[in-house]
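Asker: Just a sequence and a predicted model for now, questions to come.
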2 protein chains.
Amino acid sequence: MFLSTTTNNLDAKGRISVPSDFRAVVGDGNFDGIIIWPSFDGDYLEGGGINLLEDYQKSLDMMDYYDEGRVALQRAIFAESRRLPFDSGGRVTLPKELAEYANLNGRATFVGLGRRFEIWNPEAHEARSAEVRRLARANRGRLVSINTQNGGGS
Amino acid sequence: MFLSTTTNNLDAKGRISVPSDFRAVVGDGNFDGIIIWPSFDGDYLEGGGINLLEDYQKSLDMMDYYDEGRVALQRAIFAESRRLPFDSGGRVTLPKELAEYANLNGRATFVGLGRRFEIWNPEAHEARSAEVRRLARANRGRLVSINTQNGGGS
DNA sequence: TGGGATATCATGGGTTTTCATGGGATACAA
DNA sequence: TTGTATCCCATGAAAACCCATGATATCCCA
């Protein structure tokens, strides 16, 4: 599970450290790294482990073969995604197009969202956080229903 | 189930003992520690075991993918939360930002609320509980609605 | 039921390991 | 060659780990 928010340096070589908490949840024994693609919702990147993409694949498999939504998602996610392996220090090299897409220069913010994460320009993320907090407060009634719905798991 | 209220020391290294009663209910075999995030309802912290977050995730998964409330809640909880492992003595290291958010210096109060718990500045907690008692005397009906609103924990 | 023995807990301090980061060296490709 | 990607090592800071101690709570047995 991807948790918490971390801002790390993007060096001159385009390398950036993936937070160690994130690294701990992406290993599948086969590929040691992350998958990144440009969000089709804004100027930031989305990403996750290889297993996230496999889950998406399963969801798409359940859609009709000629469903235009299926094709669009395939193109938006699979075609645009890049597989970024860790170096010995737990860093990845961010392709220039992706860094430019998200306006990343010098620093970048990893945002854990459970199954997946996002990579933001720090200022852009900061600018959006106030609105997010407002929305979260507005929707906290739904969180209450989540609390009662599961009736005391812990 | 998180029960009772305990105030412990926050040392110079930012470490604080999690009440042993709380520690006994958070193990999931994989991660031995707690998850903490700033409440979006006030200057205190909320927390629970990893399984609480997993329950939140399952519930959020059932909401529509493009639901703005879903995304806001994901960001408010998953992105803001921190994973704090226990040391050998059952303590966690509280990140500075979170300690500052809740105005914690020297001491902190763990408040058990059933499925989750809260961490308060002791004086702030004392002040609030006095206010809650006052409200209870002044208006019982309102106290009842507060109880249910909190997710029916005990 | 008393009282000593034992375990647990909260806390302090020191040491080791990990992490994020920088830079150089090497392989590869345009 | 020139730019780019990959690999390896160095380093300071922060986090995790280990051991010690006093206080409290629990247990045990006469």
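Answerer: Arrived safely, thanks for sending.

Asker: Let me see the confidence value for the closest residue to A:Arg70 other than its chain neighbours.
Answerer: Distances taken as Cβ to Cβ, 6 or more residues apart in numbering or on different chains place A:Met63 nearest to A:Arg70, at 4.1 Å, with adjacent residues excluded. All C-beta spots, glycine's among them, are computed from the backbone N, C-alpha and C. Per-residue confidence at A:Met63 stands at 81 (pLDDT).

Asker: ok, the residue nearest to A:Asp28 when sequence neighbours are not counted to chain B distance?
Answerer: Of all residues not flanking A:Asp28 in the chain, A:Ile50 sits nearest, at 5.2 Å (Cβ to Cβ, 6+ apart). From A:Ile50 over to chain B the distance is 19 Å, taken as Cβ to the nearest Cβ, to the nearest Å.

Asker: Let me see the backbone angles for A:Ile50.
Answerer: phi -60, psi -30 (degrees, to the nearest 10).

Asker: same question, A:Thr7
Answerer: phi -110, psi 120.

Asker: Can you report how many residues lie near it?
Answerer: Using other Cβ atoms under 10 Å in any protein chain shown, the number of residues around A:Thr7 comes to 14.

Asker: same thing with A:Leu113?
Answerer: A:Leu113 - counted by other Cβ under 10 Å - has 21 other residues nearby.

Asker: Quick check: it vs B:Leu53, distance?
Answerer: 12 Å (Cβ to Cβ, to the nearest Å).

Asker: what touches both of the two?
Answerer: B:Phe78 (Cβ atoms under 8 Å, 6 or more residues apart in numbering or on different chains).

Asker: quick revisit: quick check, the residue nearest to A:Asp28 in contact with A:Val26.
Answerer: Yes: between A:Ile50 and A:Val26 there is a contact at 7.2 Å, judged by Cβ atoms under 8 Å.

Asker: quick one: which of these two has more around it?
Answerer: Comparing A:Ile50 with A:Val26 by other Cβ under 10 Å, the one with more neighbours is A:Val26, at 21 against 17.

Asker: Can you tell me the closest non-neighbouring residue to the more buried one?
Answerer: Using Cβ to Cβ, 6+ apart, the closest residue to A:Val26 is A:Gly49 (3.4 Å).

Asker: Look up phi and psi at the residue nearest the centre of chain A.
Answerer: The centroid of chain A falls nearest to A:Phe117 when counting by Cα atoms, centre = their mean (2.5 Å). The phi/psi pair for A:Phe117 (degrees, to the nearest 10) reads phi -140, psi 170.

Asker: ditto for A:Gly14
Answerer: Backbone dihedrals for A:Gly14, given as degrees, to the nearest 10, come out at phi 80, psi 10.

Asker: ok, it - how many residues close by?
Answerer: 15.

Asker: And for A:Trp37?
Answerer: Residues near A:Trp37, counting by other Cβ under 10 Å: 19.

Asker: Can you give me the distance of it to A:Asp28?
Answerer: 18 Å.

Asker: try A:Gly48
Answerer: From A:Gly48 to A:Asp28 the distance is 11 Å (Cβ to Cβ).

Asker: of those two, who's got more company?
Answerer: The neighbour comparison of A:Gly48 against A:Asp28 (other Cβ under 10 Å) goes to A:Gly48, with 24 against 10.

Asker: if we can go back for a sec, in contact with the closest residue to the residue nearest to the centre of chain A other than its chain neighbours, which residues are there?
Answerer: The shortest distance from A:Phe117 to any non-neighbouring residue, by Cβ to Cβ, 6+ apart, is to A:Phe2 (4.4 Å). Residues in contact with A:Phe2 (Cβ under 8 Å, 6+ apart) are A:Asp21, A:Phe22, A:Val25, A:Gly48, A:Gly112, A:Leu113, A:Gly114, A:Arg115, A:Arg116, A:Phe117, B:Phe78.

Asker: among those residues, who's most crowded?
Answerer: Greatest neighbour count in the contacts of A:Phe2, by other Cβ under 10 Å, goes to A:Phe117: 29 neighbours.

Asker: Name whatever forms a beta bridge with that one.
Answerer: Beta-bridge pairing for A:Phe117 (DSSP bridges): A:Gly47, A:Gly112.

Asker: and what of A:Arg82?
Answerer: Under the criterion DSSP bridges, A:Arg82 forms beta bridges with A:Ile36.

Asker: OK, contacts around it?
Answerer: A:Ile35, A:Ile36, A:Trp37, A:Pro95, A:Leu98.

Asker: Now the two most distant members of those residues.
Answerer: A:Ile35 and A:Pro95 (12.4 Å; Cβ to Cβ).

Asker: More neighbours: those two, which one.
Answerer: Taking other Cβ under 10 Å, A:Ile35 and A:Pro95 do not tie; A:Ile35 has more neighbours (22 against 13).

Asker: And the more buried one, how far from B:Gly112?
Answerer: Using Cβ to Cβ, we find A:Ile35 at a distance of 40 Å from B:Gly112.
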